[in-house]
Structures are given as structure tokens and as C-alpha cells.
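**Student:** pasting the sequence and the predicted coordinates here, then a few questions.
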Amino acid sequence: MIRAGRLPYVQTMSDLADALGKKLTTLRNQKPYAAEGHPAPISSPDARNQLWDSEQTKAFYAGEPIPELPQVDDDEDLLDRHEAAQALGIEPVTWNTYKKDPALVAGMVLVPAGPKGTEHWPRRLVTAYKDNRPGRGAGGGRREGSGDMIPRDQILPRIAELLDADPAVTVETVSDTLGITKFPTAQTGLATLRGRRIADLVEQQPGLDLKDAALQLGYPAITHRAAVTHAERELHARGAQPYLQHTADALAAAGIAQQAQVEIRQLDGDALATAVILNPDQPAAAVVWDSRFGWRTATSRRHPIGKDTDTPPEGEGIRYLGSGLQPDPDELLAALRDGRMGTKRPHPKP
């Protein structure tokens, strides 16, 4: 973890290479950070990107005593996803759902700053989330005739917790424990989370059959069909994510949108959609990508995607931009900057 007050001293592998006057590839090949006595990374052992404290590494390479870091937990310590999950007693994959809580989104810190940074959260926010998680026990089950008894944004995280404890957990158990309706809330939540975890396993083991992944994860045969369907849709969305994030980053770099992680919405069937909110000085509120129709402008910042229909949205303020479903970001930027470009309807599919 990054101890309170130590953020300015965080050192990435690239920073360490620069400090030693080496190329990053040379550093990775030589691995001087694996030498005996070298300061340990301050990132968690399972973190994808290793981080060090620059005061410690500077002292090591200068042959000086290595300063100790604070050992007492502080509310302002920054935890990565593995450490946050450990603090809550859950799996890191479950934290991926928990972290969408508005308070955690607002308090998230990228280290180093920028789109390639690793997500961290102050300990105080993780602790507050742990103490205030709604729905545990939820009055012994859903009262007859009542609606779901926990906030909608907490349903998947709480189901994920039950799935961590028992891969074969039933719809009935989820409903009774959390106080939510069996159909569709508990049923859909379980199928969605099982599908995501099947997708995770298939990405880790390329070539693995989706049904075999479901068996490896311990999911009952009766749940396989729905879980595999959700896994297929999840993998489809993940396949589109790099292009969409690259495009969103290009819009941010051009100064017409804020830097943000794209959120992909799965629509009916295999359709996908995402929205990039534009800056207030832009003529459009947002641009929306739909896997069926490509990019278009939108007039609403709050609900840019709108209702899911089989027909492309049309009307005042809507322009379809670029050629094809995945135009190059430069082409999209040119169309946004020139109000004469674009069409009222999407281009016909080739």
C-alpha cells in the first residue's frame, strides 16, 4: 500500500529505470530490483504494476541506510484493489463490482496520475464502505409483496459476496439473504456475475470452452445456459472496450471531453453502447457509440444513450459521424469539429 503522505515518493518501474539511467526494457531484463536487500515494492504482491518508494530506492543505490516506512495504519493510506478486497474479506473480482459505489468512484486515485495509473482508494473510504454495506441479513428475507430491500447499486456487490462463499448458491438463498426478489433480480444478478467470472477464466486460459469454465468454477449444471449466455455477451463487450477507450482517450486529449473510463452497456440481443460526455463548450452534449449504428451525437448529458430500440435514434441535434461502425478517432474528431459533416441516419451496413 501507499502509506499516508508518501504519494509524492511513489516510483513506477519506468521512474526507477530513469533514476538508474537505463531503458525500461533493460531494467526488466536485468531485474536489479530483485537483488538481495533491495527495497520491497510498496504495491501488493498480486498487483499488475509494481511500485516502490523513491526515498528507499535512492538510499539503496547510494549505499546508504534504507529509511523505514510508517507501519501504523492510517485513514489516508492508499489501497489497491487487492488490498481493498482483503480489507473487506472478499475476492478482488468482487471488488471490481463494489468499486462502482459513488463514494468510491469519487475518491479513487490513479497512481501515477493519468489513464495508465493503477486504481487506489483511501483506507477511510474502504472502511466506511465496509461498515455501511446495506443488505446483510436484510430482515431475514424479502417481505411478501415488497420490493427489493437494498439499493440497486448494491445488489450485484452483495450477490458477488454470496457467490464468493458458495459458487453453487441458489436464487432462493440470494433472495432470502439479501431481501430481493427471486425473479428477475436474484436470478439475473447471479447469471450476470457467473458470466463475468466465466469470461475472466477464459481470458486467463485461452481456448477454454465456456461450459468447461463453468464446471471449473463449480457452477451447477442447471445454471450453465444462462451463465454462458452472459459470458458470451461479456466477452463481446470486452472485445470492443480497447477501441472505445482509445477513442475516448483521443477525445480527451483533443480537449473536447474529460478523461474517463468508458462504461459499456449491454443492450437487447448482442448490441452494445457507450457514451462519452463532451465538455460544456461543445455543440453536442455527448457522443454515443452503438454497435449496430456506429457513432452519433446526443442531446442529453444525463441520459445520452436513451431507450434501447431496434431503430437508430433520429431527430434534432443527432448526427451520425464517421464511416463504418468503428471509424478512426481522427475521423470522428474531424466530424465533430465540422458541423457540415455527418448524416441524419447511420450509413448502411456493408
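**Tutor:** Noted; the coordinates are in hand.

**Student:** would you mind measuring from residue 302 to residue 6?
**Tutor:** 38 Å (Cβ to Cβ, to the nearest Å). No exception for glycine: its C-beta is placed from N, CA and C like everyone else's.

**Student:** equivalent analysis for residue 67, please.
**Tutor:** 11 Å.

**Student:** more neighbours: these two, which one.
**Tutor:** Using other Cβ atoms under 10 Å, the more surrounded residue of residue 67 and residue 6 is residue 6, with 19 against 11.

**Student:** give me every residue that touches that one.
**Tutor:** 42, 53, 69-70 (Cβ atoms under 8 Å, 6 or more residues apart in numbering).

**Student:** over to residue 293?
**Tutor:** For residue 293, counting by Cβ under 8 Å, 6+ apart, the contacting residues are 312, 320, 325, 346.

**Student:** and the first one, what helix or strand is that in?
**Tutor:** Taking DSSP states H and E as the definition, one finds residue 312 inside no helix or strand.

**Student:** okay, the residue nearest to it when sequence neighbours are not counted: pLDDT?
**Tutor:** Once flanking residues are discounted, residue 312 sits nearest to residue 293: 4.4 Å by Cβ to Cβ, 6 or more residues apart in numbering. Note on residue 293: pLDDT of 95.

**Student:** against residue 320, how distant is residue 293?
**Tutor:** Residue 293 is 7 Å from residue 320, by Cβ to Cβ.

**Student:** now residue 96
**Tutor:** Applying Cβ to Cβ to residue 96 and residue 320 gives a distance of 33 Å.

**Student:** quick one: which of these two has more around it?
**Tutor:** A direct count of neighbours by other Cβ under 10 Å for residue 96 and residue 320 places residue 320 higher, at 20 against 16.

**Student:** bridging residues for the more buried one?
**Tutor:** Note on residue 320: beta-bridge partners residue 296, residue 343, judged by DSSP bridges.

**Student:** ok, residue 113 - how many residues close by?
**Tutor:** 10.

**Student:** so what touches the worst-scoring helix or strand of the chain on mean pLDDT?
**Tutor:** The helix or strand of the chain with the poorest confidence is helix 92-98; it has a mean of 84 (mean pLDDT, DSSP states H and E). Contact with helix 92-98 is made by 46, 81-82, 84-85, 88, 90, 104, 129, 156-157, 160-161, 163-164, 193, 196-197, 200, as judged by Cβ under 8 Å, 6+ apart.

**Student:** any idea of the mean pLDDT for the helix ranked longest in the chain?
**Tutor:** For the chain, the longest helix by residue count, based on DSSP state H, is helix 224-253. Averaging pLDDT along helix 224-253 yields 95.

**Student:** who does it touch, helix- and strand-wise?
**Tutor:** Applying 3 or more Cβ pairs under 8 Å, 6 or more residues apart in numbering; DSSP states H and E, one finds that helix 224-253 makes contact with helix 187-204, helix 210-216, strand 272-277, strand 286-290, helix 329-337.

**Student:** how close does the residue sitting nearest the centre point of the chain sit to residue 193?
**Tutor:** Geometric centre of the chain, nearest residue: residue 96, 6.2 Å, by Cα atoms, centre = their mean. Distance, residue 96 to residue 193, by Cβ to Cβ: 10 Å.

**Student:** in stretch 80-90, what counts as buried?
**Tutor:** 80-88, 90 (16 or more other Cβ atoms under 10 Å).
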